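Chemist: with the sequence up front, the predicted model follows.
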Amino acid sequence: MSDRKTLQVQRISGHPGPVPGEGTQRQEKLCKLIDTTTCIGCKACEVACVEWNDMPFQPTMFDNTYQTMPDTSWNYWNLIKFNEVSSDDGSFQWLMRKHQCMHCADPGCLAACPADGAIVQYSNGIVDFEEASCIGCQFCVSGCPFNVPKFNPSTKKVYKCTLCSDRVGQGLEPACIKSCPTGCLHFGTKDDMLQLANKRVVQLQQHAGLKDAGVYDPQTIGGTSVVYILHDATNPEKYGGLPKNPRIPLSFTLWKSWFKPIGLIASMMAFAGVILHYVTEGPRRVQPQPPVREIDGGEARKEN
Amino acid sequence: MATPAKSIGRGPDHFINRIGLTVVYVGELLRHRAYTRFLHWAYGIFFFLALISGFGIYMPWIFRWFTPLFGGGAMTRMLHPWFGLGFVFFFGLQALNWLTLMAWGPGDTRWMKRLKDYVTHRDSIEPPDVGFFNAGQKAQFWEIVGGCIAYVTTGVIMWFPEIFGRWLVAVSYVIHDISALIMLAGIFIHIYLSTIGEPGTMQAMTRGTVSEAWAWTHHPAWYKDVTGRDPQQALEEARRKLNETAGVSGK
Ligand code: HEM
Ligand code: SF4
Ligand code: SF4
């Protein structure tokens, strides 16, 4: 993307007035918009994900819903979650939500990761795992508010949705977007997607009677590069594992960035302390020592 | 409390006490038998392996040069829990070995209150009620016992996060770190006191013996137990002899 910026016109010969388009900024932040109200649960995106990322097809597990399997796994990154929800007013809803990495602006996985270069965030917002640098500690699993990273015990590495960073880097949309037959998946800049989402929410509120309809773009983690339109944004939990206020544990933010270095310095004070002790007080010698001639400084001592 | 062996409920004939040899020369006392010394160096090695591999993960931007020692980051992460378990295993045996010697008494509370005097060397020998271990050593021992419990519980939680869940892992890792930081501080003090800080101590963990003078200086009550002599008197006697040879009359 940034390479195209270099071909932006900056000066024009013999041209009156300002240069058209000079200094314009391309919006770099990408976004996947998922409209849960038009998802029909067909799982085309699941298949596209498995195909594009060259992962094996797996036997489905029937658990009395239409969900393919209980959860995503290290080689199954994208799952339509089926949630049967009955409300107090007796109404019944079948909520389908495409579950995958949210590509958080403030990624808990990245904050938690202790390995140099194992998790990167691109300027377009994609959060990607670099398995070559991963040490397999699974701290990212603990840091992620959406339970996304999945550990492969045989390679001892974690894996997750890449938002098709390989396709996006070539100017293509993610595989799931390409496969969606209903158009419930959209892909573009974050600004455009939010605008589209807000328009759709107004439509749902005014014409579909869904007064609680809203956009899910949680600000507790600075927003996400995957945004949902929900029939009921007041209670995202009922969509299966979508926290209302996702949080990163303080131990990966406050502890890791502040108290770790402070604690280390505090511990090293013990090293400084013993050196200081040796030069100011000296060793504690076995008694008796030769008679004392004089004692210089310090409190009066009961030497000898 | 006649000898260290008896004091821990085993006679010198107990098979553990017959492992290895400890030669005690005239003027020396037996302090640590071979079994105790072996355990000490075993957990000492595992401690440093766990410490270095742990700190390579603790703050890679400073300690990134630690991980290659173990074959890279992933290997370091794989080995660290085993180093930790090695440490806890051998230290656990030592804890059983030393349990009775480490019992806290009223004298230890008194010792703690005069910690400043100990640090500033106010008295040339320790108070007469300081036994086989002083209160500082006991405090460090019990800190490590607590630390081991913390390491194992929090370590196992971080080892198998899929069983324990994200919040327990997040809490565990902070406790694990604090435990490591306390022990890091402790190890400097420990090494200092056993080498240059209190000369003559190191041989207790190498050859297993200490000089009688070391015993009456640092652990007078223990000296009295094993020799039956009064430490203060023994010191005066030794001082007289020293002064004679130095050509100084009395004092
Ligand atoms: C039973 C004993 C132990 C077990 C099972 C254990 C296990 C673990 C595990 C699983 C981790 C997570 C490593 C990671 O970041 O992936 C860890 C980290 C660590 N361990 Fe241990 N450990 C033990 C003992 C020790 C000891 C004896 C020390 C130090 C003397 C130590 C110091 C550390 C440190 C500094 C970390 C880094 C944590 C961080 O990322 O900040 N551990 N340990
Ligand atoms: S959803 Fe989880 S894995 Fe994805 S970027 Fe956010 S914290 Fe990381
Ligand atoms: S398991 Fe997760 S936190 Fe640990 S090194 Fe790999 S990517 Fe980083």
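Modeler: Structure's in. What do you need? Ligands and ions are numbered 1, 2, ... in the order given.

Chemist: right, is stretch A:237-247 up against chain B?
Modeler: No. Judged by CB under 8 Å from any CB of the partner chain, stretch A:237-247 stays clear of chain B, getting no closer than 10.1 Å. In this view, the C-beta of every residue, glycine as well, is placed from N, C-alpha and C.

Chemist: of all the residues in that stretch, which ones are buried?
Modeler: Neighbour-count burial for stretch A:237-247, with 16 or more other CB atoms under 10 Å in any protein chain shown as criterion, is recorded at A:238-240, A:242, A:246.

Chemist: who in the stretch 101-250 of chain A is up against ligand 2?
Modeler: A:101-104, A:107-109, A:127, A:144, A:146, A:148-149, A:160 (CB under 6 Å from any ligand atom).

Chemist: which of the residues you listed fall within strands?
Modeler: Judged by DSSP state E, those include A:Val127 as members of strands.

Chemist: also near chain B: which of the residues of the stretch 101-250 of chain A next to ligand 2, exactly?
Modeler: Checking these against chain B (CB under 8 Å from any CB), the matches are A:Cys144.

Chemist: CSV please, covering the residues of the stretch 101-250 of chain A next to ligand 2 and showing distance to B:Ile196 and pLDDT.
Modeler: Shown next, in CSV, are those (distance: CB to CB, whole Å; pLDDT from 0 to 100):
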residue, distance to B:Ile196, pLDDT
A:Cys101, 55, 98
A:Met102, 56, 98
A:His103, 55, 98
A:Cys104, 52, 98
A:Pro107, 48, 97
A:Gly108, 47, 97
A:Cys109, 46, 97
A:Val127, 51, 97
A:Cys144, 49, 97
A:Phe146, 54, 96
A:Val148, 53, 97
A:Pro149, 48, 97
A:Lys160, 52, 98
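
Chemist: which of the residues of the stretch 101-250 of chain A next to ligand 2 sits closest to B:Tyr118?
Modeler: Of all those, B:Tyr118 sits closest to A:Gly108, with 47.2 Å by CB to CB.

Chemist: do I have it right that that closest one meets A:Gly143?
Modeler: Yes. Between A:Gly108 and A:Gly143 there is a contact at 3.7 Å, judged by CB atoms under 8 Å.

Chemist: which residues are in contact with each of these two?
Modeler: A:248-249, A:252 (CB atoms under 8 Å, 6 or more residues apart in numbering or on different chains).

Chemist: now the residues you listed as JSON lines including secondary structure?
Modeler: Below are those laid out as JSON lines (DSSP: H, G, I helix; E, B strand; the rest coil):
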{"residue": "A:Ile248", "secondary structure": "coil"}
{"residue": "A:Pro249", "secondary structure": "coil"}
{"residue": "A:Phe252", "secondary structure": "helix"}
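
Chemist: before we move on, back to that, out of A:Gly108 and A:Gly143, which sits in the more crowded spot?
Modeler: For A:Gly108 and A:Gly143, the more surrounded residue by other CB atoms under 10 Å in any protein chain shown is A:Gly108, and the numbers stand at 28 against 25.

Chemist: now for the more buried one: which residues touch it?
Modeler: A:140, A:143-145, A:221, A:246-249, A:252.

Chemist: buried ones only from these, please, as a PyMOL command.
Modeler: In PyMOL syntax, the buried subset of these is picked out as below (16+ other CB under 10 Å):
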select buried, chain A and resi 140+143+144+145+221+246+248+249+252
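
Chemist: closest to ligand 2 among the contacts of A:Gly108?
Modeler: Nearest to ligand 2 among those, counting by CB to the nearest ligand atom, is A:Cys144 at 3.2 Å.

Chemist: next one: the closest residue to B:Gly208 other than its chain neighbours from B:Ala34, what distance?
Modeler: Spatial nearest neighbour of B:Gly208, excluding adjacent residues (CB to CB, 6 or more residues apart in numbering or on different chains): B:Thr22 at 3.8 Å. From B:Thr22 over to B:Ala34 the distance is 6 Å, taken as CB to CB, to the nearest Å.

Chemist: joint contacts of the two?
Modeler: B:Gly208.

Chemist: SS state for the residue in the stretch 101-250 of chain A that ligand 1 sits nearest to?
Modeler: For the stretch 101-250 of chain A and ligand 1, the shortest gap (CB to the nearest ligand atom) falls at A:Cys137, measuring 2.7 Å. Using three-state DSSP, the structure places A:Cys137 in coil.

Chemist: and it, what is it in contact with?
Modeler: Contacts of A:Cys137 (CB under 8 Å, 6+ apart): A:114-115, B:57, B:77, B:158.

Chemist: low-confidence regions, the stretch 1-150 of chain B specifically.
Modeler: B:1-9 (pLDDT under 70).

Chemist: can you do 90?
Modeler: Along the stretch 1-150 of chain B, the model assigns pLDDT under 90 to residues B:1-19, B:61, B:121-124.

Chemist: any idea where the strands of it begin and end?
Modeler: For the stretch 1-150 of chain B, the strands defined by DSSP state E, counting those that start in this stretch occupy B:28-30.

Chemist: okay, now residue 13: neighbour count?
Modeler: No chain was given, so I picked chain A. So A:Ser13, with other CB under 10 Å, has 4 neighbours.

Chemist: nope, chain B
Modeler: B:Asp13 has 8 nearby residues by other CB under 10 Å.

Chemist: check B:Asp230 too.
Modeler: So B:Asp230, with other CB under 10 Å, has 15 neighbours.

Chemist: who does B:Glu28 form a beta bridge with?
Modeler: Note on B:Glu28: beta-bridge partners by DSSP bridges are B:Ser211.

Chemist: and it, how far from chain A?
Modeler: Counting by CB to the nearest CB, to the nearest Å, the gap from B:Glu28 to chain A is 12 Å.

Chemist: quick one: contacts for that residue?
Modeler: B:209-212.

Chemist: hmm, back to that, nearest to A:His231 among the shared contacts of A:Gly108 and A:Gly143?
Modeler: Using CB to CB, the shared contacts of A:Gly108 and A:Gly143 come closest to A:His231 at A:Ile248, 27.7 Å.

Chemist: and the helices in the chain, which stretches?
Modeler: The chain I'm using is chain A. Using DSSP state H, the helices of chain A run over residues A:2-5, A:44-52, A:108-112, A:139-143, A:165-168, A:175-179, A:190-207, A:250, A:260-280.

Chemist: wait, chain B
Modeler: Per DSSP H, chain B carries helices over the ranges B:4-7, B:34-58, B:60-63, B:73-98, B:106-113, B:115-119, B:135-159, B:161-164, B:166-192, B:203-206, B:212-218, B:220-227, B:231-246.

Chemist: could you tell me the angle between the fourth one and helix B:135-159?
Modeler: Using axes from the mean of the first three to the mean of the last three CA atoms, to 10 degrees, the interaxial angle of helix B:73-98 with respect to helix B:135-159 works out to 140 degrees.

Chemist: highest neighbour count among the contacts of B:Glu28?
Modeler: Neighbour max across the contacts of B:Glu28 (other CB under 10 Å) = B:Val210, 25 neighbours.

Chemist: am I right that that residue is in contact with B:Thr201?
Modeler: Yes. Between B:Val210 and B:Thr201 there is a contact under CB under 8 Å: 7.3 Å.

Chemist: list the ones among the buried residues of stretch A:237-247 that fall in strands.
Modeler: Using DSSP E, no member of the buried residues of stretch A:237-247 falls in strands.

Chemist: of those residues, the lowest pLDDT goes to which?
Modeler: Least confident of the buried residues of stretch A:237-247 in the model: A:Gly240, at 89.

Chemist: how about the residue nearest to it when sequence neighbours are not counted, what does it touch?
Modeler: Closest residue to A:Gly240 apart from its sequence neighbours, by CB to CB, 6+ apart: A:Lys81 at 4.1 Å. Contacts of A:Lys81 were listed using CB under 8 Å, 6+ apart, and they are A:67, A:96-99, A:239-241.

Chemist: Throw these into CSV and include distance to A:Val47, thanks.
Modeler: Shown next, in CSV, are the contacts of A:Lys81 (distance: CB to CB, whole Å):
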residue, distance to A:Val47
A:Gln67, 15
A:Met96, 15
A:Arg97, 17
A:Lys98, 13
A:His99, 15
A:Tyr239, 22
A:Gly240, 20
A:Gly241, 22
